[in-house]
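Peer 1: All I have is the shape, not the residue letters:
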């Protein structure tokens, strides 16, 4: 049978909060509060000081304070936000019901709790890290090494703050494994500063972490300098005593000696040797003058360079790599104004310039590493760095380009079973997903157990949680954008602080990072496992989706940053909700049992199986198949479309080109629909339709010849005449789409979302009684195009029967959030408030222009 994996913790699958038929209103007309009475919208979008501080805490620029205080604040926020769970139970909108036949049920409550709290097995993560073959090294590792060599060559204390750079990437982005792969080309001294009580791999490096994070040491910079000397001497001792061999053989033995391994507890042997060397250096350090300390460091560097000549590169022989480096942001208790990182940078400054052949890299999910330099408010205010005492020094540019996506993608699927196979879809995105799955299968874990664990782990990444359930009304801004970013991709341009949180804590990718301009852009590239987890969480309780929409509306109303075209954003939410309900209502039929390696073809992810277009249209319209009126399409094409058309997608990605049928096929492979570029003619959203006879086998081939499309165009006009006039544009030819098979039928949906807006339509509007859904007429389209085009126009949010009242109202709020601040005055505004707005807005309103 086909399993649809879900997490096993039934005690917390319940809806987050009860929904009433009508959402309560606040004291301001048109501004609703959530069920917990937390204000969702400020009294105005132009007075940001009146906004609810707790609602958009993720968007507020952090105060000008020391980085140590920022670190403590971040930890507190993460502890506060550690709640959220992936649920499949709970109710859905409208009258939909979830058929759970054939899905995995927990065998015990204890097993459910175990899976929930520890979705992945640490041993498997460790084995995957150490044993998984690193792919495409020439495109990933070699350019990174070349960048580091260039930086090491350019290092000089007169120009740069320290011989160090940052490596910024999200969790599962491949930072730690990249550092290990670099050690196959040069000597990498690896340190992990993972917090003591934190799980994960690689584990904490106990000895160096104890030195670097020793808040009680009164002479910490001296201690750091001694650690650098001890590391360099120990590296020299190791390679001087090592048996001869090729560079590859010698560096492989070095990795076994210095990197953590799954079958070895505690620190690697290298750190025992460093500790011994540290004791020797410390015992005589107190008697040394500053000149003698410099000479001691020079001696260590020269010994290191002599012992590592076999590496064969003059710019970089030893790379000190500190993973989970944001732990260095914590304050040093002997001098609370200083952080460990600032002291560490001071120690690194002792490294001589140019020919030292030493460099350091600090890796973390926190982009703050890339901006930790003297131009930050902390350093400007610190007495040591006041203007006139020291000239400005630069940081080396951060490294964030780690092109590891889709490395496991091989041959495309050829049939429906392969198309929706969970294990195939794990190949898209981060290599971690497939590497873990392969190692778990090798260890004997059941296929469904693997997918359940990965799905739960993914949701915890999106929500930055560690276990407990989170009420819908408590979803933070960054949690909302984690869920929506992986499904409908709302814009976050201009929200650098939010982008930083999404990268550090919510699984977003770092797309662009420019510390000199304080620019940071995050994104959620297509990863089916992320969208699967997000869909399961959102669809299990509609209150969660409503909360997400309310957050978007509040952000847009206050202009905290630009959400781009809200109409198009709303259309994606509508399409996604329709797809969720259709998937819930149409579970895949159980195929014949399969034993052996082919069994993984039968495992699907949550919200990860294909559906018939006819079922999708019935969800969309509320009509039975017999009553589906689809416009100008002729009988033959309509019958074929309803009988053979299938959909397979659960998220959107934005594209900047017009796709061909080959491009639509590639989107089908990923399970993604697309948001078109702004100047794309005719259509705003596209989703792939593949044609397969329902009576045929599930192994029937899927290729470009079977591909057609569905399209959505969002319009502002609300009259039938404009539909007829515009319909000639809604064709493949006008849109520039070049299908391989020109005879296939296709689908066009026209959304006129503002038709039923209470803010734009008076109650007695002539069109108030017009049909909400009408077939799209021929218009000026050619007969050939018209007979192949199925088309429906939807007037207002009431046209979508699958949206319940609460969800419809939330979407209307989002649409209305585009209005200017002139909408602050409504028919329900008090006379006092009306006079206040007129008086404080001279020239804006007609009445304010004449007021005296």
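Peer 2: Perfect, thanks for sending it. What you see is a predicted model; the values in this text were computed from it and never measured.

Peer 1: Now do the SS call for residue 359.
Peer 2: strand (DSSP: H, G, I helix; E, B strand; the rest coil).

Peer 1: hang on, it packs against residue 167?
Peer 2: No - using C-beta atoms under 8 Å, residue 359 is not in contact with residue 167; the gap is 12.0 Å. Quick note: C-beta positions are derived from backbone N, CA and C, even for glycine.

Peer 1: Only the buried residues of stretch 436-453, if you could.
Peer 2: Within stretch 436-453, the residues that count as buried by 16 or more other C-beta atoms under 10 Å are 436-441, 445, 447-453.

Peer 1: ditto for stretch 684-702
Peer 2: 684-692, 698, 702.

Peer 1: the helices in the stretch 101-250 of the chain, which residues?
Peer 2: 109-117, 122-131, 137-154, 175-182, 206-212, 220-241, 247-258 (DSSP state H, counting those that start in this stretch).

Peer 1: of all the ones you listed, which lies closest to residue 619?
Peer 2: helix 109-117 (30.7 Å; C-beta to C-beta).

Peer 1: okay, and for the stretch 301-450 of the chain, where does confidence drop off?
Peer 2: Along the stretch 301-450 of the chain, the parts satisfying pLDDT under 70 run over 334, 371-391.

Peer 1: hang on, the earlier thing: using TSV, please lay out the buried residues of stretch 684-702 together with distance to residue 212, secondary structure and pLDDT.
Peer 2: Converted to TSV, the buried residues of stretch 684-702 look like this (distance: C-beta to C-beta, whole Å; DSSP: H, G, I helix; E, B strand; the rest coil; pLDDT from 0 to 100):
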residue	distance to residue 212	secondary structure	pLDDT
684	52	coil	93
685	50	strand	96
686	51	strand	96
687	51	strand	98
688	51	strand	98
689	56	strand	97
690	55	strand	96
691	61	strand	95
692	59	coil	89
698	56	coil	64
702	54	coil	89
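
Peer 1: Most widely separated two among the residues you listed?
Peer 2: Greatest spatial distance in the buried residues of stretch 684-702: 684 and 698, 32.4 Å, computed using C-beta to C-beta.

Peer 1: Please identify which of the helices of the stretch 101-250 of the chain is closest to residue 464.
Peer 2: helix 109-117 (15.6 Å).

Peer 1: pLDDT (mean, whole number) over that closest one?
Peer 2: When pLDDT is averaged along helix 109-117, the result is 47.

Peer 1: One more: stretch 554-573?
Peer 2: 85.

Peer 1: likewise stretch 177-193?
Peer 2: Rounded mean pLDDT across stretch 177-193 is 97.

Peer 1: How far does it sit from its chain's centre?
Peer 2: Relative to the chain's own centre, stretch 177-193 is displaced by 26 Å; criterion: C-alpha atoms, centre = their mean, to the nearest Å.

Peer 1: so how far is the first residue of stretch 400-410 from its last?
Peer 2: End-to-end distance for stretch 400-410, by C-alpha to C-alpha, to the nearest Å: 25 Å.

Peer 1: chain center to it: distance?
Peer 2: When distances are taken as C-alpha atoms, centre = their mean, stretch 400-410 is centred 15 Å away from the chain's centroid.

Peer 1: Give me the contact list for that stretch.
Peer 2: The contact list for stretch 400-410 (C-beta atoms under 8 Å, 6 or more residues apart in numbering) reads 135-136, 139-140, 143-144, 167-169, 173-175, 178, 426-431, 434-435, 510, 513, 525.

Peer 1: For ChimeraX, what selects the buried ones among those?
Peer 2: A single ChimeraX command selects the buried members of the contacts of stretch 400-410 (16+ other C-beta under 10 Å):
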select :140,144,167,168,169,173,174,175,178,426,427,428,429,430,431,434,435,510,513,525
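
Peer 1: From the contacts of stretch 400-410, which land in strands?
Peer 2: 167-168, 510, 513 (DSSP state E).

Peer 1: and which of those is nearest residue 733?
Peer 2: Nearest to residue 733 among the ones in strands among the contacts of stretch 400-410: residue 510, at 39.6 Å, using C-beta to C-beta.

Peer 1: Quick check: bridge partners of that closest one?
Peer 2: On the basis of DSSP bridges, residue 510 is bridged to residue 522.

Peer 1: close enough to count as contact, it and residue 369?
Peer 2: No - using C-beta under 8 Å, residue 510 is not in contact with residue 369, being 11.5 Å away.

Peer 1: shared neighbours of the two, anything?
Peer 2: residue 168.

Peer 1: which one is residue 660 nearest to, not counting chain neighbours?
Peer 2: Of all residues not flanking residue 660 in the chain, residue 738 sits nearest, at 4.9 Å (C-beta to C-beta, 6 or more residues apart in numbering).

Peer 1: can you give me the helices for the stretch 301-450 of the chain?
Peer 2: 340-348, 377-381, 416-419, 422-425, 431-442, 447-463.

Peer 1: oh, I was asking about the stretch 451-600 of the chain
Peer 2: With DSSP H, counting those that start in this stretch as the criterion, the stretch 451-600 of the chain has helices spanning 477-485, 496-505, 528-539, 542-558, 566-585.

Peer 1: of all these, which lies closest to residue 416?
Peer 2: helix 566-585 (14.7 Å).

Peer 1: Quick check, pLDDT for the closest residue to residue 773 other than its chain neighbours.
Peer 2: Distances taken as C-beta to C-beta, 6+ apart put residue 799 closest to residue 773, at 5.2 Å, once the chain neighbours are dropped. pLDDT recorded at residue 799 is 95.

Peer 1: just residue 637 next, same as before
Peer 2: 96.

Peer 1: Now for the residue nearest to residue 800 when sequence neighbours are not counted: which residues touch it?
Peer 2: Of all residues not flanking residue 800 in the chain, residue 574 sits nearest, at 5.9 Å (C-beta to C-beta, 6+ apart). The neighbours of residue 574, taking C-beta under 8 Å, 6+ apart as the test, are 751, 800, 803, 811.

Peer 1: Using JSON lines, please lay out these together with neighbour count, secondary structure and distance to residue 257.
Peer 2: Shown next, in JSON lines, are the contacts of residue 574 (neighbours: other C-beta atoms under 10 Å; DSSP: H, G, I helix; E, B strand; the rest coil; distance: C-beta to C-beta, whole Å):
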{"residue": "751", "neighbour count": "26", "secondary structure": "strand", "distance to residue 257": "62"}
{"residue": "800", "neighbour count": "24", "secondary structure": "coil", "distance to residue 257": "63"}
{"residue": "803", "neighbour count": "22", "secondary structure": "coil", "distance to residue 257": "61"}
{"residue": "811", "neighbour count": "26", "secondary structure": "helix", "distance to residue 257": "59"}
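
Peer 1: Report the separation between the residue nearest to residue 149 when sequence neighbours are not counted and residue 396.
Peer 2: Distance criterion C-beta to C-beta, 6+ apart; nearest residue to residue 149, sequence neighbours excluded, is residue 315 at 4.1 Å. Using C-beta to C-beta, to the nearest Å, residue 315 is found at 14 Å from residue 396.

Peer 1: more crowded one of these two?
Peer 2: Using other C-beta atoms under 10 Å as the criterion, residue 315 and residue 396 rank with residue 396 on top: 25 against 20.

Peer 1: Neighbours of the closest residue to that one other than its chain neighbours, how many?
Peer 2: In this structure, residue 396 finds its nearest non-sequential neighbour in residue 165, 4.1 Å apart by C-beta to C-beta, 6+ apart. Other residues near residue 165 come to 23 when the count uses other C-beta under 10 Å.
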